[in-house]
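S.K.: Predicted model and sequence follow; I will ask about them next.
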Amino acid sequence: MDKKQKLVMVIRSQFMQPRGVAGWLVGWVMALRSSNRERNLWAVELLGVEPTDRVLEIGFGPGIAIQELSRRATQGLVCGIDHSEVMVWQASKRNRDAVYAGRVDLRCSSVEHLPAFEEPFDKVLAVNNMGMWREPVERLKELHRLMRPGGRIAIVSQPRCPGATAETTAAAGHEIASRLTEAGFTRIRSGTLALKPPVVCVIGEVS
């Protein structure tokens with residue numbers, strides 16, 4: 001492996017789990033990149049959050065979607081987990097007022113080790129991180145058990161592999177839909193956002 005390949009691996013690992021000074025910079029880049037913001041706000045819109053909803057975001061990064069979720073769930077609660085302490089710090093700072101008001105609860109944890117929550121959720125969101133989950137169907141089943149009947153989950157993917165195209169995005173959407181169905185979600189549907197490559201959001205519900 002040459003130096004260039006090693007550098008690419010280091011950068012990718014930081015985007016997967018930001019840490020240290022480099023991780024802080026990665027979070028800053030994610031927060032400022034217009035496509036990231038557009039993708040997150042679009043996904044929140046599709047999720048259809050109501051004022052009294054309890055919402056959980058998996059892998060919230062710098063907290064862009066958390067901020068929008070809390071603007072909508074004004075009488076509810078927005079929870080989030082991320083396995084990066086740097087991202088918890090950045091997202092907490094970005095959502096400082098809502099955290100202090102008790103409307104946002106951010107924790108350093110992972111989808112493989114979900115913390116205990118006092119009540120079930122109405123909505124669940126995961127943007128560009130299901131591809132990193134171990135045994136994703138099992139993780140989705142666990143999330144299903146954390147949700148109320150009628151609850152809605154949105155899984156978002158914008159493929160980042162070299163040469164990704166609309167076909168890559170479509171394939172990712174089909175795979176997500178299949179996994180949601182296997183995990184027990186119903187009324188599966190999807191939408192696409194015209195970025196390069198396109199973004200797919202697959203939504204499922206709890207019967």
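M.R.: Thanks, I have the structure now.
S.K.: can you list the weak-confidence ranges in this protein?
M.R.: Where the chain drops to pLDDT under 70, the residues are 1-32.
S.K.: Helices of the chain, start to end?
M.R.: With DSSP state H as the criterion, the chain has helices at 3-16, 20-32, 34-47, 64-72, 85-94, 96-100, 136-145, 166-182.
S.K.: Which strands or helices does the third one pack on?
M.R.: With contacts defined as 3 or more Cβ pairs under 8 Å, 6 or more residues apart in numbering; DSSP states H and E, the secondary structure elements packing on helix 34-47 are helix 64-72, strand 121-127, strand 147-157, strand 186-193, strand 199-205. Heads up, the C-betas are built off the backbone N, CA and C, glycines and all.
S.K.: Just send the ones you listed back as JSON lines, with distance to M87 and mean neighbour count too.
M.R.: Converted to JSON lines, those look like this (distance: least, Cβ to Cβ, whole Å; neighbours: other Cβ atoms under 10 Å):
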{"stretch": "helix 64-72", "distance to M87": "10", "mean neighbour count": "23"}
{"stretch": "strand 121-127", "distance to M87": "13", "mean neighbour count": "25"}
{"stretch": "strand 147-157", "distance to M87": "17", "mean neighbour count": "21"}
{"stretch": "strand 186-193", "distance to M87": "23", "mean neighbour count": "14"}
{"stretch": "strand 199-205", "distance to M87": "20", "mean neighbour count": "23"}
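S.K.: Tabulate these (TSV), appending distance to P136.
M.R.: Shown next, in TSV, are the helices and strands packed on helix 34-47 (distance: least, Cβ to Cβ, whole Å):
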stretch	distance to P136
helix 64-72	20
strand 121-127	10
strand 147-157	9
strand 186-193	15
strand 199-205	12
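S.K.: Which one of the ones you listed lies nearest to H113?
M.R.: strand 121-127 (15.3 Å; Cβ to Cβ).
S.K.: Parallel or antiparallel, which strands does the closest one pair with?
M.R.: If you go by DSSP bridges, strand 121-127 pairs up with strand 54-58 (parallel), strand 147-157 (parallel).
S.K.: about what we covered before: which one, of the helices and strands packed on helix 34-47, ends up nearest to E57?
M.R.: Per Cβ to Cβ, nearest to E57 of the helices and strands packed on helix 34-47: strand 121-127, 4.6 Å.
S.K.: what distance separates that closest one from the middle of the whole chain?
M.R.: Computed by Cα atoms, centre = their mean, to the nearest Å, the chain-centroid distance of strand 121-127 equals 8 Å.
S.K.: how about that strand as CSV, C-alpha atoms only?
M.R.: The C-alpha trace of strand 121-127 is given here as CSV (Å, rounded to 0.1, in the frame of the first residue of the first chain):
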residue,chain,number,x,y,z
PHE,A,121,-40.2,6.8,19.5
ASP,A,122,-42.6,8.1,16.8
LYS,A,123,-39.8,8.8,14.2
VAL,A,124,-36.3,7.4,13.5
LEU,A,125,-33.8,8.8,11.1
ALA,A,126,-30.4,7.5,9.8
VAL,A,127,-28.5,9.4,7.1
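S.K.: just to revisit the earlier point, can I get the helices of the chain in a markdown table with distance to D122?
M.R.: Formatted as a markdown table, the helices of the chain follow (distance: least, Cβ to Cβ, whole Å):
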| stretch | distance to D122 |
| --- | --- |
| helix 3-16 | 29 |
| helix 20-32 | 26 |
| helix 34-47 | 10 |
| helix 64-72 | 11 |
| helix 85-94 | 21 |
| helix 96-100 | 17 |
| helix 136-145 | 13 |
| helix 166-182 | 17 |
